[in-house]
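>>> pasting the sequence and the predicted coordinates here, then a few questions.
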Amino acid sequence: MMSSVPTGPANRVSGGWSPETVGAAIRGKRDHEAVAGHIGCAETKGQYRKTRDRTECETLFDDLLKRLRTDRVEVVMVQFVDTEAD
């Protein structure tokens, strides 16, 4: 059985958990948990927005790994893919 837990500011309002909370929950059993992360979106003043800026995406993804206290994710989701150009 696989479960998912939404993270991030918008998800905390609707009952999701922060990356720090998820990181604490999987500590000590990381090799037995599959973790997903996302790229392609950023948050500004509580509003998600699309970004394809490589530096911004790398910075945000590195921040997610740091907040989860892990060095990897098993699943990467690319957000806001609406056209072939995306």
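Here it is on my side, so go on.
>>> what residue ranges in the protein score low on pLDDT?
Within the chain, the segments meeting pLDDT under 70 span 1-16.
>>> repeat the analysis, applying 80 as the threshold.
1-17, 46 (pLDDT under 80).
>>> burial count for the residue lying closest to H38 once chain neighbours are set aside?
Leaving out its chain neighbours, the residue that sits closest to H38 by Cβ to Cβ, 6 or more residues apart in numbering is M77, at 4.3 Å. C-beta coordinates here come from the backbone N, C-alpha and C atoms, glycine included. Using other Cβ atoms under 10 Å, M77 has 12 neighbouring residues.
>>> how about M77, phi and psi?
The phi and psi values for M77, taken as degrees, to the nearest 10, are phi -100, psi 130.
>>> and for S18?
Here is the backbone geometry of S18 (degrees, to the nearest 10): phi -70, psi 160.
>>> count of neighbours near it?
15.
>>> ok, what's across the strand from Y48?
When bridges are called by DSSP bridges, Y48 pairs up with E43.
>>> do I have it right that R67 meets A24?
No. Applying Cβ atoms under 8 Å, one finds R67 not in contact with A24, separated by 10.4 Å.
>>> next, the most centrally placed residue in the chain: secondary structure please.
Nearest to the mean C-alpha position of the chain, counting by Cα atoms, centre = their mean, stands G37 at 3.6 Å. What DSSP: H, G, I helix; E, B strand; the rest coil gives for G37 is strand.
>>> quick one: the residue nearest to it when sequence neighbours are not counted and E20, what's the gap?
Excluding the flanking residues, the one nearest G37 by Cβ to Cβ, 6+ apart is V73, at 4.1 Å. Distance of V73 to E20, given as Cβ to Cβ, to the nearest Å: 16 Å.
>>> cool, T44 as well?
On the measure of Cβ to Cβ, T44 and E20 end up 21 Å apart.
>>> for R67, what are phi and psi?
Backbone torsions of R67, given as degrees, to the nearest 10, read phi -70, psi -30.
>>> just give me the neighbour total for it.
Close neighbours of R67, defined as other Cβ under 10 Å, add up to 15.
>>> ok, it - contacts?
Applying Cβ atoms under 8 Å, 6 or more residues apart in numbering to R67 gives the contacts 18-20, 23.
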